[in-house]
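> predicted coordinates and the sequence they were generated for:
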Amino acid sequence: MLVESSNYLRAKHFMQLRYWTHELRFRHPFTISKGTKTHQPTLIVELQIGNWRGYGEAPAIAYYHVTLENLVETLEKNKASIERFAFTDPERFWHFLHHLLPGQSFLICALDMAGWDLYAKRKGLPLFKTWGGAGSAGPLTDFTIGMDTPDQMLIKMQERPWPIYKIKVGSPEDLSILEKLRACTSAPFRVDANAGWSFETAVQLIPQLSALGVELVEQPLPKDNWEEMIKLKSLSSLPLIADESCVAEKDVEACATCFDGINIKLTKCGGITPARRMINHARVLGLKVMLGSMNESTIGSAAIGHLKEWVDYLDMDGPLLLAEDLSSGISYQNGHIFLPNQAGLGVAYEGVHKNEQ
């Protein structure tokens with residue numbers, strides 16, 4: 001019987017870690033109730049074992065106090081420990097990262113994505129197939145219209161004819177803007193206040209939004225305003241979806257009494273591994289599930305896309321909002337998302353290039 005050498009066994013499981021940082025330009029300045037940005041800072045990580053390479057992404061988000069500088073500093077500090085980890089499966093890797101990097105969900109997310117990509121590539125399967133998925137179409141993705149002047153928001157919408165729009169709100173002009181947009185399309189609207197409304201504003205606006213063909217309202221009130229969210233849920237004629245109130249696994253239970261569904265963002269919760277558990281927990285509690293994005297490039301968006309057949313709503317338009325990308329492989333056609341028929345995520349880091357989507 002052939003006995004594998006210790007060096008060979010080590011090469012089969014131990015990893016090399018590389019990373020790159022970028023500032024990806026938006027097509028239009030992107031504004032929500034928390035501020036405006038013209039570029040999306042993002043971190044790309046690569047895990048390599050032998051000839052296999054797995055990729056993950058973590059966008060840096062200022063209102064979560066995450067910067068590229070602190071992501072890189074933490075990664076450098078822990079790089080040797082990560083490379084010494086004997087990788088066999090992604091869930092075990094996530095638990096290792098969870099203890100190694102407490103409170104670093106954005107960085108854990110990027111590494112977790114790369115771990116799943118690596119795992120599926122070694123099996124020779126698209127990632128969704130490693131979970132028993134059929135690769136079904138899943139829901140359509142919306143396209144986000146960031147806050148702006150009414151005329152500019154209309155221009156953004158007309159530039160991208162789409163079957164569903166997410167409209168960012170949080171200004172005194174919210175209703176008049178939605179009326180102006182509605183006059184130019186019959187597509188369903190999803191309204192996202194990003195915690196920017198008061199209870200009184202929400203109670204006043206929601207019936208009027210319902211009459212305008214709004215499908216749901218995302219995070220109407222500040223994230224910790226649980227008491228008024230319970231009241232608002234009892235009064236609302238539209239489904240209410242938690243975003244800022246649902247960051248991690250522990251938040252799912254609390255959201256069940258205040259919202260009709262949750263928006264899971266891989267970056268916030270710490271990656272694919274906890275997101276899958278959150279989907280299952282939400283189903284037990286009778287909650288609808290949205291998968292959301294944080295302006296990821298195609299690399300991070302691919303990770304979201306492999307989960308799409310298990311959710312109700314999809315907000316996976318990061319590559320459409322960016323003028324620059326880091327990979328190719330995902331295609332968007334009138335709200336439908338097509339993943340590449342390749343092992344793993346089906347995408348790889350290519351460096352910055354113009355996004356033609």
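Great, that's in hand.

> for the protein, what helix or strand is lowest in average pLDDT?
The weakest-scoring helix or strand in the chain, judged by mean pLDDT, DSSP states H and E, is helix 6-13 (a mean of 49).

> check which element follows that helix along the chain.
Toward the C-terminus, helix 6-13 is succeeded by strand 16-32 as the next helix or strand (DSSP states H and E).

> mind listing what's buried in the one helix or strand Arg283 maps to?
Taking DSSP H and E as the criterion, Arg283 maps to helix 272-284. By 16 or more other CB atoms under 10 Å, the buried positions in helix 272-284 come out as 272-276, 278-279, 281-282. For every residue, glycine as well, the C-beta is placed using N, CA and C.

> can you tell me which of these is closest to Val311?
Ile279 (6.6 Å; CB to CB).

> tell me the contacts of the closest one?
Ile279 makes contact with 264, 289, 307, 310-311 under the criterion CB atoms under 8 Å, 6 or more residues apart in numbering.

> ok, now how distant is Leu71 from Ser293?
Using CB to CB, to the nearest Å, Leu71 is found at 18 Å from Ser293.

> centre of the chain to stretch 206-222, how far?
21 Å (CA atoms, centre = their mean, to the nearest Å).

> before we move on, the earlier item: what mean pLDDT does the helix holding Arg283 have?
Taken as a whole, helix 272-284 has a mean pLDDT of 98.

> burial of the closest residue in space to Ala137 that isn't next to it in sequence, as a residue count?
The shortest distance from Ala137 to any non-neighbouring residue, by CB to CB, 6 or more residues apart in numbering, is to His336 (6.4 Å). Other residues near His336 number 13, with proximity taken as other CB atoms under 10 Å.

> grab the nearest non-local neighbour of the residue at minimal distance from the centre of the chain.
Taking CA atoms, centre = their mean, the centroid of the chain lies closest to Ser293, which sits 2.7 Å from it. Nearest non-adjacent residue to Ser293, counting by CB to CB, 6+ apart: Gly318, 4.5 Å away.

> what mean pLDDT does stretch 110-120 have?
Mean predicted confidence for stretch 110-120 is 98.

> what's it in contact with?
Here stretch 110-120 has contacts from 15, 43-47, 49, 52-58, 82, 87, 89-90, 93-94, 97, 126-127, 129-130, 266, 270-273, 299-300, 303, 343-345, using CB under 8 Å, 6+ apart.

> can you flag the buried ones in the residues you listed?
Taking 16+ other CB under 10 Å as the criterion, what is buried in the contacts of stretch 110-120 is 15, 43-47, 49, 52-58, 82, 87, 90, 93-94, 97, 126-127, 130, 266, 270-273, 299-300, 303, 343-345.

> go ahead and confirm Leu181 touches Val191.
No: using CB atoms under 8 Å, Leu181 is not in contact with Val191; the gap is 10.7 Å.

> list residues touching both of those two?
Ile167.

> looking at the two, which one has more neighbours?
The neighbour comparison of Leu181 against Val191 (other CB under 10 Å) goes to Val191, with 26 against 21.

> residues in contact with that one?
Taking CB under 8 Å, 6+ apart as the test, what Val191 contacts is 166-167, 169, 174, 178, 209, 214, 216-218.

> let me see the ranges of the strands in the stretch 201-350 of the chain.
214-218, 240-242, 261-265, 288-292, 313-314, 324-325, 331-333, 336-338 (DSSP state E, counting those that start in this stretch).

> what's the closest of the ones you listed to Gln158?
strand 331-333 (17.4 Å).

> sheet partners, orientation included, of the closest one?
strand 336-338 (antiparallel) (DSSP bridges).

> for the following helix or strand past the partner strand, the distance to its chain's centre please.
Following strand 336-338 in sequence order, the next helix or strand is strand 353-354 (DSSP H and E). In this view, strand 353-354 has its centroid 21 Å away from the chain centroid, taken as CA atoms, centre = their mean.

> care to break the protein down by domain?
6-124, 130-354 (automatic domain parsing).

> any idea which of the ones you listed scores lowest on pLDDT?
domain 6-124 (a mean of 93).

> next up, the contacts around Met290.
Per CB under 8 Å, 6+ apart, neighbours of Met290: 218, 241, 261-264, 311-315.

> and Leu125, by the same measure?
Neighbours of Leu125 in contact, by CB under 8 Å, 6+ apart: Ala343.

> equivalent analysis for Ala275, please.
264, 266, 269, 291, 307.

> need the max-distance pair from these.
Cys269 and Leu307 (11.8 Å).

> helices of this structure, start to end?
Remark: helices assigned in the chain by DSSP state H are 6-13, 68-84, 90-100, 105-123, 127-130, 150-159, 174-182, 199-211, 226-235, 251-255, 266-269, 272-284, 298-305, 318-321.

> hmm, back to that, which of the buried residues of helix 272-284 sits closest to Ser198?
Nearest to Ser198 among those is Ala282, at 27.1 Å by CB to CB.

> how far away is that closest one from Glu173?
Taking CB to CB, one finds Ala282 at 33 Å from Glu173.

> likewise for Gly292?
For Gly292, the distance to Glu173 - CB to CB - is 24 Å.

> and stretch 68-88, how far from the chain's centre?
The answer for stretch 68-88 is 22 Å, by CA atoms, centre = their mean.

> any buried residues in that stretch, and which?
68, 71, 74-75, 78, 82, 85, 87.

> please apply the same query to stretch 26-39.
Neighbour-count burial for stretch 26-39 [16+ other CB under 10 Å]: 26, 28, 30-33, 37, 39.
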